[in-house]
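Asks: just to be clear, the model below is a prediction. Sequence and coordinates:
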Amino acid sequence: MKVLMLNGSSNMKGNTFCALSYIGEQLQKEGIEYEIFQIGGAPVRDCIGCGRCGESGCVFTDDKVNAFVAKAKEADGFIFGTPVYYAHPSGRVLSFLDRVFYSSGNVFAYKPGASVAVARRAGTTASFDVMNKYFGISQMPVAGTTYWNVIHGMRPGEVESDGEGIQTMRNLAKNMAWMMKCFEKGREAGIALPDTEKTVRTNFIRS
Ligand SMILES: Cc1cc2nc3c(=O)[nH]c(=O)nc-3n(C[C@H](O)[C@H](O)[C@H](O)COP(=O)(O)O)c2cc1C
């Protein structure tokens, strides 16, 4: 089984990457593979709501959104990391994930997810809340840990000094691994996926 992670910072070896690496090291100890997918520093387009992505993925092919969706199809769990910018997730991670989720159909459903927010000091739980919104609407069970999924550091590598944050990351990995193993056993035992009702969209229109 494999967890696909997303580094929502343009710093490829910054604190968000370190936080995801702590999780990855623990996942490996639990017998689960991982990959950290880098958004990188190149421009990331925002969703323009054209609605054409249902056919063959996002219409914009000059960044890594469609490549991430291709990898997500093969993954069994997800962890999205973001640095905190002005008390919210990075603009690039939100632009990226809006397009990933809007263009990918059912790719994420029934697979566990978790997010991680990294900051010097404040805005972590607000960012964590925003990131978690992707999971609920996509029928993804959310893995928790022993605090909210946050860790602190300013300059690259400073998260190394946040002992509790690192422990929180390790416990998140253990809980995620446990959930994935339970789901696998459930599949092997023939427990069917939920018989999800087709959504009747009402859009709150009043006449
Ligand atoms: C534009 C910008 C805004 C930031 N806003 C906040 C903030 O609101 N709260 C905070 O504690 N840190 C803030 N920071 C600091 C980063 O969250 C922190 O340096 C983080 O470790 C960066 O992660 P990275 O190394 O993965 O890029 C900000 C940094 C930048 C560049």
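Replies: Here it is on my side, so go on.

Asks: what's the offset of the longest helix along the chain from the middle of its chain?
Replies: As assigned by DSSP state H, the longest helix anywhere in the chain is helix 163-188. Relative to its chain's centre, helix 163-188 lies at 14 Å (C-alpha atoms, centre = their mean, to the nearest Å).

Asks: just checking, what packs against that helix?
Replies: Counting contacts by 3 or more C-beta pairs under 8 Å, 6 or more residues apart in numbering; DSSP states H and E, helix 163-188 packs against helix 15-29, strand 77-85, strand 113-119, strand 150-152. (Glycine included, C-beta is placed from N, CA and C.)

Asks: who does the shortest one pair up with?
Replies: Read that as strand 150-152. Paired with strand 150-152 in the same sheet, following DSSP bridges, are strand 113-119 (parallel).

Asks: tell me if the strand it pairs with is near the ligand.
Replies: Yes. For strand 113-119, a contact with the ligand is found by C-beta under 6 Å from any ligand atom, at 118-119.

Asks: list the contacts of the next helix or strand after that strand.
Replies: As assigned by DSSP states H and E, the chain's next helix or strand after strand 113-119 is helix 124-136. Contacts of helix 124-136 with the rest of the structure, by C-beta atoms under 8 Å, 6 or more residues apart in numbering, involve 80, 82, 84, 87-89, 93-94, 97, 101, 108, 113-119, 140-142, 148-150, 152.

Asks: re the thing from before, of the helices and strands packed on helix 163-188, which is nearest Arg52?
Replies: strand 77-85 (24.7 Å; C-beta to C-beta).

Asks: how about the closest one, does it get close to the ligand?
Replies: Yes. Strand 77-85 reaches the ligand (C-beta under 6 Å from any ligand atom) through 83-85.

Asks: taking strand 113-119 as reference, get the angle to that strand.
Replies: Here strand 77-85 points in a direction 20 degrees away from that of strand 113-119 (axes from the mean of the first three to the mean of the last three C-alpha atoms, to 10 degrees).

Asks: burial of Pro25, as a residue count?
Replies: Not Pro; residue 25 is Glu. Glu25: 13 surrounding residues under other C-beta atoms under 10 Å.

Asks: got phi/psi on Ala42?
Replies: Phi and psi for Ala42, reported as degrees, to the nearest 10, are phi -70, psi 160.

Asks: meant to ask about Ala189, not that
Replies: According to degrees, to the nearest 10, Ala189 has phi -80, psi 0.

Asks: neighbours around it, how many?
Replies: For Ala189, the neighbour count with other C-beta under 10 Å is 7.

Asks: show me the contacts for whatever residue of the chain ends up closest to the ligand.
Replies: Closest contact between the chain and the ligand, by C-beta to the nearest ligand atom, is at Gly14 (2.3 Å). Neighbouring residues of Gly14 by C-beta under 8 Å, 6+ apart: 83, 156-157.

Asks: of the residues you listed, buried ones?
Replies: 83, 156 (16 or more other C-beta atoms under 10 Å).

Asks: and the contacts of Gly14 as TSV, adding pLDDT?
Replies: Listed next are the contacts of Gly14 as TSV, based on pLDDT from 0 to 100:
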residue	pLDDT
Pro83	98
Pro156	96
Gly157	95
